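Chemist: My questions are about this predicted structure, shown below with the sequence.
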Amino acid sequence: MAKKILICGDSFAADWTVKYQNRGLGWPNLLKKNYLVTNVAQAGCGEYKIYKQIESQDLSQYDFIIVSHTSPYRLHTNFHPIHYKDTLHKNSDFIYKDVKERVKTNKESELISIVNYFEQYFDIDYAKFVHMLVCKEIENKLKNFSNVLHITPFSWKDFFSFDNMLTIEDFPFVTDGLNHYSIEHNNIIYNKILERILKING
């Protein structure tokens, strides 16, 4: 029987085929060739929502867990007024670049107050501190599971240190690929992850 993998995380790990069915397959979809994959990752979510994804699952049902971690600079919300109907981004938190672009094209947007908050009041040190605390909670939640891979497309040197961390920051983001990367780079990422899975499982 194929082994069961749980994927949690943000858009780097989400199933983009729910919205983009003709772009090819991202690395989470490629894993389905080898494993039974349950993917609860959500595009645009912050680290707290990633923790909640993990908390929502019976982890004992899985042979391997992949957690894709995100930037600390996302502002948590239970309701995103722009993305709540979007199949891929419906659980998104506020991301500065995203809301800034929306306000540029809609001067009456209710997101203006969010942009003002990011630009005038957002405390980066506090955000990083909270992000660190959530990461510690994630580590604690997974402490009894040895088959865990932590991944991120972000530069991670100043953030929480996880065991078995795979950082993907050498490839450029693209707008027409899946999971922010080209098909070629998704295949490379898939092979890197597969190599780590095989190594951890012995």
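Modeler: Yes, it's here.
Chemist: by contact count, what packs against the lowest-mean-pLDDT helix or strand in the chain?
Modeler: Each helix and strand of the chain was given a mean pLDDT (mean pLDDT, DSSP states H and E); the minimum falls on helix 96-105 at a mean of 89. Counting contacts by 3 or more Cβ pairs under 8 Å, 6 or more residues apart in numbering; DSSP states H and E, helix 96-105 is packed against helix 112-120. C-beta here means a position set from N, CA and C on the backbone, and glycine is covered the same way.
Chemist: Run the chain-centre distance for stretch 151-169.
Modeler: 12 Å (Cα atoms, centre = their mean, to the nearest Å).
Chemist: tell me which residues in it are buried?
Modeler: Along stretch 151-169, these residues count as buried under the neighbour rule (16 or more other Cβ atoms under 10 Å): 151, 152, 153, 154, 156, 159, 160, 162, 165, 166, 168.
Chemist: Could you work out the most separated pair of these?
Modeler: Pairwise distances across these peak at 16.9 Å for 160 and 168 (criterion: Cβ to Cβ).
Chemist: thinking again about what came up before, report the angle between the axes of the least confident helix or strand of the chain and helix 112-120?
Modeler: 130 degrees (axes from the mean of the first three to the mean of the last three Cα atoms, to 10 degrees).
Chemist: Report the buried residues of helix 96-105.
Modeler: For helix 96-105, using 16+ other Cβ under 10 Å, the buried residues are 96, 98, 99, 102, 103.
Chemist: What number of residues are in the vicinity of the nearest residue to residue 8 once chain neighbours are set aside?
Modeler: Distance criterion Cβ to Cβ, 6 or more residues apart in numbering; nearest residue to residue 8, sequence neighbours excluded, is residue 53 at 4.2 Å. Residues near residue 53, counting by other Cβ atoms under 10 Å, number 23.
Chemist: quick one: residue 53 is in a strand?
Modeler: No. Looking at residue 53 with DSSP: H, G, I helix; E, B strand; the rest coil, it is helix, so not inside a strand.
Chemist: measure it to residue 59 for me?
Modeler: 11 Å (Cβ to Cβ, to the nearest Å).
Chemist: Which residue ranges of this protein form strands?
Modeler: 4-8, 36-39, 64-68, 74-75, 94-95, 148-152, 165-167 (DSSP state E).
Chemist: For the last one, which outside residues touch it?
Modeler: Spelled out, that is strand 165-167. The set of residues external to strand 165-167 that reach it, using Cβ atoms under 8 Å, 6 or more residues apart in numbering, is 149, 150, 151, 152, 153, 154, 155, 156, 192, 193, 196.
Chemist: Show me the helices in this protein, by range?
Modeler: Listed in chain order, the helices of the chain (DSSP state H) span 27-30, 47-55, 96-105, 112-120, 124-141, 183-200.
Chemist: elements contacting the shortest one?
Modeler: The elements that helix 27-30 packs onto, with contact taken as 3+ Cβ pairs under 8 Å, 6+ apart, are helix 183-200.
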